[in-house]
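Novice: okay, structure incoming, though there's no sequence with it:
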């Protein structure tokens, strides 16, 4: 598979793309797209972590060990994915799906353990850091490299990441690897092609309320962002649009959409081709229209390849099952975890509401403003259960809307489908308890805030991650999870590094600041070491209390630039340096502070007090 280039390769691929649309239209016109029995399916993404609860880049080794076609790679080398077998939507299908998922996860856990790793279900791994966004952690698969290069070439600039919640994260990056921070539980529901418009629009309308009670990714690199930070993170990590001085009205490749669907499935795909340029191509030998004329079910490879690089939160997918073509909606907005019980409950809620659509809300595009549906979705991502929604002309809290309107639809829909009543009661009660109690995001946030009062941030994140793993193993729903033990010791953490103990929220000064100002800052903040940066933000010096001692009483000296007094020949360290080595370095040089750097960029500072 190659990056899309100009010339013959591109023209040939685009011809196949157009041909796929024509084949799909022919199948739709002939009524050949399957209308039943309906199936469900899912994709379970998961993280690989070390005994020290950090990302474990051993995905390829674990995948080779598994030798199971259910498993496949993900963008980052510390993630894998399970493709679960589709099941007919009836009876105990949800329990069967959970049993299959638990079996495959257990198999993955056994394989991972042979590579000193464990598996974890979470929307964003709490212990991820900028270090793991380096391109060396990208899975060496040609498709990922091609996609990364294509997006960078279109942007002509670094990828920007700016998310503001309770905290704020603002970074530039030179690859799409931030997309690898996201792990999800993607749910598939087969749909009737004749009811495509109303079914897809209904999926859009309910997305906000469903997301609000299922959030599970509030933290990124120790920052509290959105209740479902994956929505913002994924949107920005593969955005082909670079900021400029001009108003850019192109649509993002990751998004909710800008309007209700009004046409056929083929029209939906046509709109996608019009709005988004093709990023990848592949050598496709056959024409789909010819296959269809010859009585074969075409795979629509070009269309599926294009569709795989347009990331709608509700994505329309074409596929084949037992020789029959079908269409399905892929729900992409829900996180992995907190437990497989929670995930199946989320799936039953979504499928139930989809099936329980009341007659009064058919043709929802005529009864609800699309902007309200879109606003509801992003309110849910930001605020979770604290969000408010406009629904049927009324303003609801997330809890009210779900308990009074949508949860009853889910029960009705599932019973109408003939789902096992015991399963319906079991899993939808999980949703009810979570609505009235605590969800995944809130559990993480509250416990992280508590841990950070007693631990450095890296340790707090590790304890949080370890606790998620332990609670997950018991498969209790998240509303019943207990708090982490704040005084617990971290197994596998016998060799701490500088990054575990350094202070990252540091005060700095500029080279041209006055010595008087810097002295006052150190005095006000009661700090003994202050890094000095140049106009580019690079570390150029360090000022200590002892450096200032000789000039504090000299008015003339205090009026000079701080660059005249700072130490310029610095002894520094990196965040991966073992703590004992950093301590030895300070002892050898007779100093009490080490700036922690990546090249010329200051990451933190560590002092003898930290040790």
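Specialist: Received, thanks. Because the structure is a prediction, the values reported are computed rather than measured. Numbers count the residues shown, from 1 in each chain.
Novice: and the residue minimising distance to the centre of the chain, what does it touch?
Specialist: With distances taken as CA atoms, centre = their mean, residue 182 lies nearest the centre of the chain, 2.4 Å away. Residue 182 makes contact with 45, 123-124, 217, 230, 233-234, 237, according to CB atoms under 8 Å, 6 or more residues apart in numbering. C-beta coordinates here come from the backbone N, C-alpha and C atoms, glycine included.
Novice: now swap in residue 38 and tell me
Specialist: Here residue 38 is in contact with 88-89, 189-191 (criterion: CB under 8 Å, 6+ apart).
Novice: buried members of those residues into PyMOL, please.
Specialist: The following PyMOL line selects those of these that are buried, judged by 16 or more other CB atoms under 10 Å:
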select buried, resi 89+189+190+191
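Novice: quick check, nearest of the contacts of residue 38 to residue 596?
Specialist: Distance to residue 596, by CB to CB, is smallest for residue 189 among these, at 48.6 Å.
Novice: nearest to residue 411 among the contacts of residue 38?
Specialist: Among these, residue 89 lies closest to residue 411 (CB to CB), at 15.8 Å.
Novice: check the gap between the closest one and residue 185 for me.
Specialist: Going from residue 89 to residue 185 by CB to CB, to the nearest Å gives 17 Å.
Novice: what do you get for residue 569?
Specialist: The gap separating residue 569 from residue 185 is 53 Å, by CB to CB.
Novice: neighbour-wise, which of the two wins?
Specialist: A direct count of neighbours by other CB atoms under 10 Å for residue 569 and residue 185 places residue 185 higher, at 26 against 6.
Novice: dihedrals phi and psi, the nearest residue to residue 197 once chain neighbours are set aside?
Specialist: Among residues not flanking residue 197 along the chain, residue 261 sits closest, at 5.4 Å (CB to CB, 6 or more residues apart in numbering). Per-residue torsions, residue 261: phi -80, psi 140 (degrees, to the nearest 10).
Novice: same thing with residue 58?
Specialist: Torsion angles, degrees, to the nearest 10, at residue 58: phi -120, psi 20.
Novice: now swap in residue 46 and tell me
Specialist: Per degrees, to the nearest 10, the backbone of residue 46 is at phi -150, psi 160.
Novice: equivalent analysis for residue 114, please.
Specialist: The phi and psi values for residue 114, taken as degrees, to the nearest 10, are phi -80, psi -10.
Novice: wait, doesn't it sit right on residue 65?
Specialist: Yes: in this structure, residue 114 is within contact of residue 65 by CB atoms under 8 Å, at 6.3 Å.
Novice: these two: who's more crowded?
Specialist: residue 65 (17 against 11).
Novice: which neighbouring elements make contact with the helix or strand that contains the more buried one?
Specialist: Per DSSP states H and E: residue 65 is located in helix 59-66. Packed against helix 59-66 by the contact rule (3 or more CB pairs under 8 Å, 6 or more residues apart in numbering; DSSP states H and E) you find strand 71-73, strand 79-83, helix 93-113.
Novice: so which of those gets nearest residue 170?
Specialist: Closest of these to residue 170 is strand 79-83, at 24.5 Å (criterion: CB to CB).
Novice: so for the closest one, mean pLDDT?
Specialist: Strand 79-83 comes out with an average pLDDT of 98.
Novice: still on that earlier bit, now the residue nearest to residue 197: how far from residue 267?
Specialist: Applying CB to CB to residue 261 and residue 267 gives a distance of 8 Å.
Novice: so where do the helices sit in the stretch 151-300 of the chain?
Specialist: 196-212, 230-237, 265-275, 288-293 (DSSP state H, counting those that start in this stretch).
Novice: nearest to residue 473, out of these?
Specialist: helix 230-237 (23.3 Å).
Novice: hmm, back to that, can you tell me what sits against the helix holding residue 65?
Specialist: Contacts of helix 59-66 (CB under 8 Å, 6+ apart): 48, 71-74, 76-80, 107-108, 111-112, 114-115, 117, 139-140.
Novice: now the angle between helix 93-113 and it, please.
Specialist: 110 degrees (axes from the mean of the first three to the mean of the last three CA atoms, to 10 degrees).
Novice: distance from helix 59-66 to the middle of the chain?
Specialist: Distance of helix 59-66 from the chain centroid (CA atoms, centre = their mean, to the nearest Å) equals 22 Å.
Novice: that helix versus strand 79-83: what angle between them?
Specialist: When the same axes, to 10 degrees is applied, the directions of helix 59-66 and strand 79-83 differ by 40 degrees.
Novice: how does the protein divide into domains?
Specialist: Domain segmentation of the chain under automatic domain parsing yields 7-135+176-228+238-436, 499-607.
Novice: deepest-packed of those domains, please.
Specialist: domain 7-135+176-228+238-436 (a mean of 19; mean count of other CB atoms under 10 Å).
Novice: quick one on the thing from earlier: what mean pLDDT does the helix holding residue 65 have?
Specialist: On average, helix 59-66 scores 97.
Novice: returning to what we had before: wait, which of the helices of the stretch 151-300 of the chain is closest to residue 338?
Specialist: helix 230-237 (14.0 Å).
Novice: so how far is residue 191 from residue 460?
Specialist: Distance, residue 460 to residue 191, using CB to CB: 44 Å.
Novice: equivalent analysis for residue 22, please.
Specialist: 22 Å.
Novice: which ones are touching residue 329?
Specialist: So residue 329 contacts 188-189, 191, 199-200, 203, 314-317, 354 (CB under 8 Å, 6+ apart).
Novice: what residues are up against residue 217?
Specialist: 122-124, 182, 226, 228-230, 233, 335, 441.
Novice: and the strands in the stretch 201-350 of the chain?
Specialist: Ranges of strands in the stretch 201-350 of the chain, per DSSP state E, counting those that start in this stretch, are 219-220, 223-224, 254-255, 280-281, 311-312, 314-321, 324-331.
Novice: which among these is found nearest to residue 532?
Specialist: Across the strands of the stretch 201-350 of the chain, closest to residue 532 is strand 223-224 (CB to CB), at 25.9 Å.
Novice: who does the closest one pair up with?
Specialist: Counting by DSSP bridges, the strands paired with strand 223-224 are strand 219-220 (antiparallel).
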